[in-house]
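Asks: Need a 3D model of the sequence below.
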Amino acid sequence: MSQPPHDRKSGFNPQTGIYHSLVELGDHQKIPTRPDLDTTTFVLSQFPHPNQAKSQIALIDTATDQQVTYAQLQRSIRSLASGLYHALGVRKGDVVFVLSPNSLLYPTICLAVLSIGAILTTANPLNTKSEIAKQVHDSGATLAISAPEELDKLVPTGVPTIPTSRKSNGELFSLSIEELIECCDPQELPQAKLAQSDTAAILYSSGTTGASKGVILTHANFIAVLTLLRWSVDVTSAQNDVYLCFIPMFHIYGLAFFALGLFCSGTTTVLMQKFEFQAMLHAIQAHKVNNIPAVPPVILGLVKYTSKAGYECDLSSLRRVGSGAAPLSKEVADRFRERFPGVELRQGYGLTESCAAGTFFESDKEAKARSGSAGMLIPSFCAKVVDIETGKALPPHREGELWLKGPTIMKGYLGNVEATAATIDSDGWLRTGDLGYFDEDGFLFIVDRIKELIKHNGYQVAPAELEAILLSHPSIIDAAVIPVEDEEAGQIPMAYVVRATGAELTEDQVIQFVAGQVAPYKKVRRVSFTSAIPRSAAGKILRKELVSQSKKKLASKL
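Replies: Predicted coordinates:
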């Protein structure tokens, strides 16, 4: 029985409550369905023609100016796969733990591991020994690959570990990833029978239900998201674009985009080992970067830094900036467009649980017209907006929890049936935990995380809305809003604020600034000035740390 038609303008079907993507893939852009296809085989099949691959630059290291061509990258992937399989005995289903900042070797490591049928799990180098031990144990890792400076963090785990480089700070290692790449025969490829349904990666995310959990992503998930990324580059960008990568590759945003995805489009990536604002500006100028996938704090930083008197840096090559990992407010987006009128700004939406896929903007005209929106559903995706009280699917302009369904949705959480059932329903819908709505033209607006909403006298207050207002103040560099328990109101909004250098901004001035722009129940009730807002590597505010700080301060006053 055929589905009733959906509205061609919004994508909404009032009979099913489902929003459908308004964009379709062309016949030559379809997601591959061949069951025995794996991620690495798919990526390598998209590389430039061998004659072009010899000169086409895939990666440039900003720290050393070292360049890697597509031909060199392909050889490195095959050599390392051969080494991992024949020299180290890595087999299909083995879990390989990677602990490293961004590097020229990172994509090679990821693609080599996946080509064997081994399972990739990545971690933030800033994680503590206990956090690393927990992930190693939970994932069942049997081998670790680590940047030399992080090796000591893996000692307590007892897992065999190989450094990425043969030499570091004068110390020479007997075996390294570099040596395997140089010494192993790229023709002696592992004979592993792989399937799209096989697990490719276990990435750790706090998800929609609390503590960090292992997100199981299959080769099918990655092949789908890489196909969609290649399609989006085709329709919104150009193959001669130069991308800047400072997004960490251990995060799904950086992994899907830079460690795997962009190679499918033959573009060049300029790589930063870690983010530093001045280094980013220098890299844009030195390498004529024209495309930056970024996060909201960086976009705000570009606005505020380049507005300073005496600012000198040539950013004329820049054509496009993308925003992901956290909501970009309308206020910041509008200020960016005013400061950089010739640069396209497009926000997207995705989660680790959706393999970074969800929404996109097809044109800059759409993005400008829907400032603050996360874009439209990507091809092959559908969505629901579900009332968090009644469970009813809602029409355009009604706020509820966003549910997603598509080919990139995770298999589930590792060893956690309860959390998986709480996140993915029996029909395959992913409950994102985000509060949002679609407008009449099918554009998604994310309001905030449902679990982060502040409940004040029965009203729901979105921290993101208040943060956007605070950031519009000329004397505020960064800000975060958290709930503070209150006997009478239940919870009240409290703001942590980073003042601009030399700014004489008082708590009352901040409170009055916000109060003049919101309904009375949304007002900020307390303000604490701080030197920095704690954020994850992807730019998300670490509210739990601020909530903990506020509780300690309150306890010390009692």
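Asks: in the stretch 1-150 of the chain, which spans are helices?
Replies: Here the stretch 1-150 of the chain has its helices, by DSSP state H, counting those that start in this stretch, at 39-45, 50-53, 70-82, 105-116, 129-139.
Asks: Model confidence score at Phe438, please.
Replies: Note for Phe438: predicted pLDDT of 96.
Asks: wait, isn't it in contact with Gly11?
Replies: Yes - Phe438 is within contact range of Gly11, at 7.5 Å (criterion: CB atoms under 8 Å). Just so you know, the C-beta spots here come from the backbone N, C-alpha and C atoms, and that holds for glycine as well.
Asks: The two: which is more packed in?
Replies: Applying other CB atoms under 10 Å to Phe438 and Gly11 shows that Phe438 carries more neighbours, namely 25 against 22.
Asks: Could you pull out the buried residues of stretch 494-502?
Replies: Neighbour-count burial for stretch 494-502, counted by 16 or more other CB atoms under 10 Å, picks out Met494, Ala495, Tyr496, Val497, Val498, Arg499.
Asks: Can you tell me the element the fifth one falls in?
Replies: Val498 is part of strand 490-499 when elements are defined by DSSP states H and E.
Asks: packing partners for the helix or strand that that strand is followed by?
Replies: Helices and strands here follow DSSP H and E; after strand 490-499, the next one along the chain is helix 507-515. Judged by 3 or more CB pairs under 8 Å, 6 or more residues apart in numbering; DSSP states H and E, the packing partners of helix 507-515 are helix 463-471, strand 490-499, strand 526-529.
Asks: tell me the most buried of these?
Replies: Mean neighbour counts were compared across the helices and strands packed on helix 507-515 using mean count of other CB atoms under 10 Å; the top stretch is helix 463-471, at a mean of 22.
Asks: Can you give me the buried ones in the helix or strand that that one is followed by?
Replies: Counting by DSSP H and E, the next helix or strand C-terminal to helix 463-471 is strand 476-486. Of all the residues in strand 476-486, those buried under the rule 16+ other CB under 10 Å are Ile476, Ile477, Asp478, Ala479, Ala480, Val481, Ile482, Pro483, Val484.
Asks: Distance to Lys384 and pLDDT added to these, as JSON lines?
Replies: Below are these laid out as JSON lines (distance: CB to CB, whole Å; pLDDT from 0 to 100):
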{"residue": "Ile476", "distance to Lys384": "36", "pLDDT": "93"}
{"residue": "Ile477", "distance to Lys384": "38", "pLDDT": "90"}
{"residue": "Asp478", "distance to Lys384": "34", "pLDDT": "91"}
{"residue": "Ala479", "distance to Lys384": "32", "pLDDT": "92"}
{"residue": "Ala480", "distance to Lys384": "30", "pLDDT": "92"}
{"residue": "Val481", "distance to Lys384": "28", "pLDDT": "93"}
{"residue": "Ile482", "distance to Lys384": "29", "pLDDT": "91"}
{"residue": "Pro483", "distance to Lys384": "27", "pLDDT": "88"}
{"residue": "Val484", "distance to Lys384": "33", "pLDDT": "88"}
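Asks: Would you tell me which one of these comes nearest to Gln74?
Replies: Lowest distance from Gln74 to those (CB to CB) belongs to Asp478, with 41.9 Å.
Asks: Which residue is the nearest non-sequential neighbour of the closest one?
Replies: Val498 (4.1 Å; CB to CB, 6 or more residues apart in numbering).
Asks: ditto for Ala532
Replies: In space, Ala532 is closest to Val498, 6.2 Å off (CB to CB, 6+ apart).
Asks: gap between the two ends of stretch 248-268?
Replies: In stretch 248-268, first residue to last residue: 17 Å (CA to CA, to the nearest Å).
Asks: SS state for the most centrally placed residue in the chain?
Replies: Centrality entry for the chain: nearest residue to the mean C-alpha point is Tyr253, 2.9 Å, by CA atoms, centre = their mean. Assigned by DSSP: H, G, I helix; E, B strand; the rest coil, the conformation of Tyr253 is helix.
Asks: Contact partners for it?
Replies: Ile247, Pro293, Gly324, Ala325, Gly350, Ala356, Ala538 (CB atoms under 8 Å, 6 or more residues apart in numbering).
Asks: can you tell me how far it sits from Pro520?
Replies: 37 Å (CB to CB, to the nearest Å).
Asks: before we move on, back to that, going by distance to Gln273, which of the buried residues of stretch 494-502 wins?
Replies: Val498 (25.2 Å).
Asks: rewinding a little: ok, and what's touching the strand holding Val498?
Replies: The contact list for strand 490-499 (CB under 8 Å, 6+ apart) reads 454-458, 461, 463, 466, 470, 475-486, 505, 510, 514, 522-533, 546, 550.
Asks: one more time with 6 Å, if that's ok
Replies: 454-456, 461, 466, 475-484, 486, 505, 524-530, 546 (CB atoms under 6 Å, 6 or more residues apart in numbering).
Asks: Show me where the stretch 251-400 of the chain has its helices.
Replies: 252-254, 277-287, 296-306, 330-339, 364-369.
Asks: Just put the ones you listed in JSON lines and tack on distance to His397 and mean pLDDT.
Replies: Converted to JSON lines, those look like this (distance: least, CB to CB, whole Å; pLDDT from 0 to 100):
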{"stretch": "helix 252-254", "distance to His397": "29", "mean pLDDT": "91"}
{"stretch": "helix 277-287", "distance to His397": "38", "mean pLDDT": "92"}
{"stretch": "helix 296-306", "distance to His397": "24", "mean pLDDT": "83"}
{"stretch": "helix 330-339", "distance to His397": "16", "mean pLDDT": "87"}
{"stretch": "helix 364-369", "distance to His397": "16", "mean pLDDT": "80"}
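Asks: if you compare the ones you listed, which one is most tucked away?
Replies: Buried most deeply of the helices of the stretch 251-400 of the chain, by mean count of other CB under 10 Å, is helix 252-254, with a mean of 25.
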